[in-house]
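J.: got a predicted model here, sequence first, then my questions.
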Amino acid sequence: MFYNHSMSSPAHSSEESDILQPLTPSQREAVKHIEGSLLILAGPGSGKTRVITHRIAYMLNQGVSAHHILALTFTNKAADEMKLRLERLAPRQSVWVGTFHRFCAKLLRQHADLVGLQENYTIYDSQDSRRALKQSLDDANIDFTHTSIDSIASAISWAKNELMTPDEYRPRPGSVMGGIVDRVYPEYQRHLQRSNAVDFDDLLLYVAVMLKENDELRRILDERYQYVMVDEYQDTNAAQYTIARVLSHDNPNLAVAGDPDQSIYGWRGANLNNILDFEHDFPKVQVVRLEQNYRSTPNILRVADHLIAYNVKRKEKSLFTDRPEGEPVKLVAYPTSKDEADGIVAYIAEQVESGRRNLRDFAIFYRINALSRAVEAALRVFNIPYQIVKGLEFYQRKEIKDILAYLHLVNNPACDVALRRIINTPPRKIGKKTIERLNDHALRYGLTLLDAAREVDLIEAMSKPAKSALKKFVEIYDELRESAIAPLADVMRDVLDKTGYHNWLMYSDAPEDQDRLANIEELLTGAEEFDEQYNGDGGLEEFLEQTSLVSDTDDWEADTDRVTLMTLHAAKGLEFPVVFIMAVEQGLLPHERSSEDAEQEEEERRLLFVGITRAEEELQLSYSRYRTFRGRRRDAIPSPFLMELPREQMHIVECERSFEDNAWDDDWSDEPDVKFSSDEQIEQVELTTVPFDDWEVDQPFQQRFPAHVFRCGVSVEHPVYGGGSIIELRGSARNRSVVVRFFNDGIERTFRLSHAPLIPIASAE
DNA sequence: ATTCGCAAAGTTTTT
DNA sequence: CTTTGCGAAT
């Protein structure tokens, strides 16, 4: 045995046979390779996550201490999945599994002083950092009329991902953007330091720099994390690469898993070369290829394979499967984008109504979020429940950000972005001019805005009413701060109460403010759950860190019976029996902004590849001839990628328009024919909507009730199903939906509040 | 100081 | 089309 058992493991993991038995030979090879570098090239659906979790279990079984294992992922979703599976294989083992960002955040808390921060630092989300950046530009009097905050922000982000600190940054000579970044980057970084704050990129950058410059710390952590594993290695950027690398120097047991063909985050600094060059970068690399696919039919795999073969930058890989042939992949041309949405939804409705499939079997993917609208509308017409995976829905809402800003400020008094956000929310007669004067003072004496407010009497330019308003604010703040160690939910209630925020919304006559209250209620519920989890033991900092690092892809519930809508990016790592990929059109996929260079085009191709390989049994790609986008109708051109598919093996469908309701004023007889080749068999199909008797509901009334009346226990009336009672609330704002159990049949049904014909009857209270 | 309204802009993907 | 931001009026 290679391992000493000085750290005996407290819990029992599975027997070795349980761990290895369910694996194929190549999977087993990967699992059993523990010492030294390991590269797992894992094709889609090849059981990568299974290999990683079984490998951890195997290590534990062999006597490696859980304490010495570190598993890094990119998304919370992936981390959660891994934890879940590991818990099953090796219960109650404290292996550290989590995202790079979370890992770095933790590390940075412990060693904040090494990079000039305090341990209670705040993590700015992209909106916060955008504000900080704008402030920096203003403070430094930098003119940026010829470019946008966005592009400056991404230039800085790029520099950080390349591990360039402000003094290492060298602009390209003659570049306007370079010049601006050169000036504002140091200012922005000073701003963050002053605020005791970091942005997302800093989490990685600081840790990478810290480990590079402090060899003692590096050695300690290298020793601590002897077995580092990185999932989705093809998506690592320079900072992540460095972190993984320096932690595997003295204990060179780095194991990475990934698939170059699924690298889709190049725009975020991911460097495909990290995985392509892994064998050269690390000593004695064992390479294991997982090429057998357990997910998709041969028909689907062939399409994927054909497409990805057009990429140059890759490692050849042959995918195979022993699954049955299955249905041919469909490629459908629709007349308009509305027909496309209707056609997809009608098919789903028919399949579900005939009992062949459940709603949860279906997923619809698109390149950009904006494309979801058309499908959503169609789904609503059919009254089909769906869930849409959209980044940051909940935590982006104004009221949520406001409350969190108060908490951030309580946790970190230096957090200027938070202060600016809430100093006059609710209104306290502290206007632009006042804040400007405050800022001037703060800049002059190097103070935080809060400290500047504390000495407001010293600011001569400040008017008397402004002074007293500021003093009042500081008073409120100090009060909040006193109770900061209470359970989180109490702190939050304190904020709502003492700042007047709750009453402000409560007595507001704007109707949407009632919805806001409901959202805040939901946040409070979250806080209570958090308290339960941590036994009410403080943890404000922990809570804030968690909320800063979520990206609501995690919100996606696999177990509810609904159609799933998401972007192709969000789809990575998931699988569905039936997949639709819509709007496979020139300009959208590949996206027009990726058309500049070949590398970007390859990434777009990989994106489609990822989408295709999510499908288990059925796959449909589609495009339409006219697409209504940005408010008007435009011609659409099929994506060139469609020419790269094995069309002779596919089912090509040409849909004729069959809706006569909306105006069709264009004369499109002279439109160019977009057929691909003459020898193709093109099936002409009539597009029909399937009447959905049971579900389709007349909505003669559009009576809207304020969202907050729909609460658990409230009785409601539905025109078709009759009376029922609300047993669960889900989602927020537009996605707010209720689960109703009906009295007649006892069946639970889910409705979106925004369009469901539900009438509240009486409260059970 | 606040609020309202209009104009403009800008629309990729996300930790 | 939607959202954001800015400038004017109250």
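T.: Perfect, thanks for sending it.
J.: hey, let's count contacts and neighbours off CA atoms from now on
T.: OK.
J.: can you tell me which residues contact residue A:56?
T.: Residue A:56 sits next to A:31, A:69, A:86 when contact means CA atoms under 8 Å, 6 or more residues apart in numbering.
J.: what's the distance between it and DNA strand B?
T.: If you measure residue A:56 against DNA strand B using CA to the nearest atom of the strand, to the nearest Å, the figure is 22 Å.
J.: just read off the phi/psi values of that residue.
T.: Geometry field for residue A:56 lists phi and psi as phi -60, psi -50, criterion degrees, to the nearest 10.
J.: can you check the one 10 residues further on too?
T.: Backbone dihedrals for residue A:66, given as degrees, to the nearest 10, come out at phi -60, psi -30.
J.: could you measure it against DNA strand B, distance?
T.: If you measure residue A:66 against DNA strand B using CA to the nearest atom of the strand, the figure is 23 Å.
J.: cool, residue A:174 as well?
T.: When distances are taken as CA to the nearest atom of the strand, residue A:174 and DNA strand B turn out to be 22 Å apart.
J.: and what of residue A:337?
T.: With CA to the nearest atom of the strand as the criterion, residue A:337 and DNA strand B are 16 Å apart.
J.: wait, what's in contact with that residue?
T.: For residue A:337, the set of contacting residues under the criterion of CA under 8 Å, 6+ apart consists of A:374, A:583, A:623-628.
J.: just put the contacts of residue A:56 in TSV and tack on secondary structure, pLDDT and distance to residue A:761.
T.: Output for the contacts of residue A:56, formatted as TSV (DSSP: H, G, I helix; E, B strand; the rest coil; pLDDT from 0 to 100; distance: CA to CA, whole Å):
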residue	secondary structure	pLDDT	distance to residue A:761
A:31	helix	95	58
A:69	strand	96	56
A:86	helix	92	47
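J.: how far is the lengthiest strand in chain A from where the chain is centred?
T.: When secondary structure is assigned using DSSP state E, the longest strand within chain A turns out to be strand A:615-629. For strand A:615-629, the separation from the chain centroid amounts to 23 Å (computed by CA atoms, centre = their mean, to the nearest Å).
J.: wait, what's in contact with residue A:605?
T.: Residues near residue A:605 by CA under 8 Å, 6+ apart: A:307-308, A:311, A:590, A:641.
J.: ok, so of these, who is nearest residue A:378?
T.: Distance to residue A:378 across the contacts of residue A:605 (CA to CA) is lowest for residue A:590, with 25.1 Å.
J.: correct me, but that closest one touches residue A:601?
T.: Yes: using CA atoms under 8 Å, residue A:590 makes contact with residue A:601 at a distance of 6.5 Å.
J.: the two - which one has more neighbours?
T.: Comparing residue A:590 with residue A:601 by other CA atoms under 10 Å, the one with more neighbours is residue A:590, at 23 against 19.
J.: and the more buried one, how close does it get to residue A:550?
T.: Distance, residue A:590 to residue A:550, using CA to CA, to the nearest Å: 28 Å.
J.: can I get the CA coordinates of the helix or strand following the longest strand of chain A in CSV?
T.: Counting by DSSP states H and E, the next helix or strand C-terminal to strand A:615-629 is strand A:632-635. Listed next in CSV are the C-alpha coordinates belonging to strand A:632-635 (Å, rounded to 0.1, in the frame of the first residue of the first chain):
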residue,chain,number,x,y,z
ARG,A,632,-39.3,43.4,-36.3
ARG,A,633,-39.3,40.6,-38.8
ARG,A,634,-36.1,39.8,-40.7
ASP,A,635,-35.0,37.2,-43.1
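J.: outside of strand A:632-635, which residues touch it?
T.: With CA under 8 Å, 6+ apart as the contact definition, strand A:632-635 has outside contacts at A:625-628.
J.: re the thing from before, widest-spaced pair of the contacts of residue A:337?
T.: Greatest spatial distance among the contacts of residue A:337 (CA to CA): A:374 and A:625, at 15.0 Å.
J.: ok, the two, which is more surrounded?
T.: When neighbours are counted by other CA under 10 Å, residue A:625 comes out ahead of the other of residue A:374 and residue A:625, with 20 against 17.
J.: pretty sure that one contacts residue A:332?
T.: No: the pair residue A:625 and residue A:332 fails to qualify as a contact (CA under 8 Å) at a distance of 10.8 Å.
J.: quick one: the helices in the stretch 101-250 of chain A?
T.: Here the stretch 101-250 of chain A has its helices, by DSSP state H, counting those that start in this stretch, at A:126-139, A:149-161, A:176-194, A:200-213, A:215-224, A:238-246.
J.: just send those back as CSV, with mean neighbour count too.
T.: Formatted as CSV, the entries for the helices of the stretch 101-250 of chain A read as follows, by neighbours: other CA atoms under 10 Å:
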stretch, mean neighbour count
helix A:126-139, 18
helix A:149-161, 18
helix A:176-194, 19
helix A:200-213, 21
helix A:215-224, 16
helix A:238-246, 21
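J.: in JSON lines: those helices, plus mean pLDDT and distance to DNA strand B.
T.: Putting the helices of the stretch 101-250 of chain A into JSON lines (pLDDT from 0 to 100; distance: least, CA to the nearest atom of the strand, whole Å) gives the following:
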{"stretch": "helix A:126-139", "mean pLDDT": "87", "distance to DNA strand B": "6"}
{"stretch": "helix A:149-161", "mean pLDDT": "89", "distance to DNA strand B": "7"}
{"stretch": "helix A:176-194", "mean pLDDT": "89", "distance to DNA strand B": "15"}
{"stretch": "helix A:200-213", "mean pLDDT": "94", "distance to DNA strand B": "5"}
{"stretch": "helix A:215-224", "mean pLDDT": "96", "distance to DNA strand B": "21"}
{"stretch": "helix A:238-246", "mean pLDDT": "95", "distance to DNA strand B": "11"}
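J.: now those helices in CSV, with distance to residue A:566?
T.: Conversion of these to CSV gives the following (distance: least, CA to CA, whole Å):
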stretch, distance to residue A:566
helix A:126-139, 21
helix A:149-161, 24
helix A:176-194, 34
helix A:200-213, 23
helix A:215-224, 38
helix A:238-246, 27
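J.: on that earlier part again, now the buried members of the contacts of residue A:337.
T.: Those of the contacts of residue A:337 that meet the buried threshold are A:374, A:583, A:623-628, by 16 or more other CA atoms under 10 Å.
J.: for residue A:450, give me phi and psi.
T.: Backbone torsions of residue A:450, given as degrees, to the nearest 10, read phi -60, psi -40.
J.: so it sits against residue A:414, correct?
T.: Yes: with contact defined as CA under 8 Å, residue A:450 and residue A:414 form a contacting pair (7.0 Å).
J.: just the buried residues of stretch A:506-521, please?
T.: Taking 16+ other CA under 10 Å as the basis for neighbour counts, the residues of stretch A:506-521 that come out buried are A:513-520.
J.: distance between that stretch and the chain's centre?
T.: Taking the mean of its C-alpha atoms, stretch A:506-521 sits 27 Å from the chain's own mean (CA atoms, centre = their mean).
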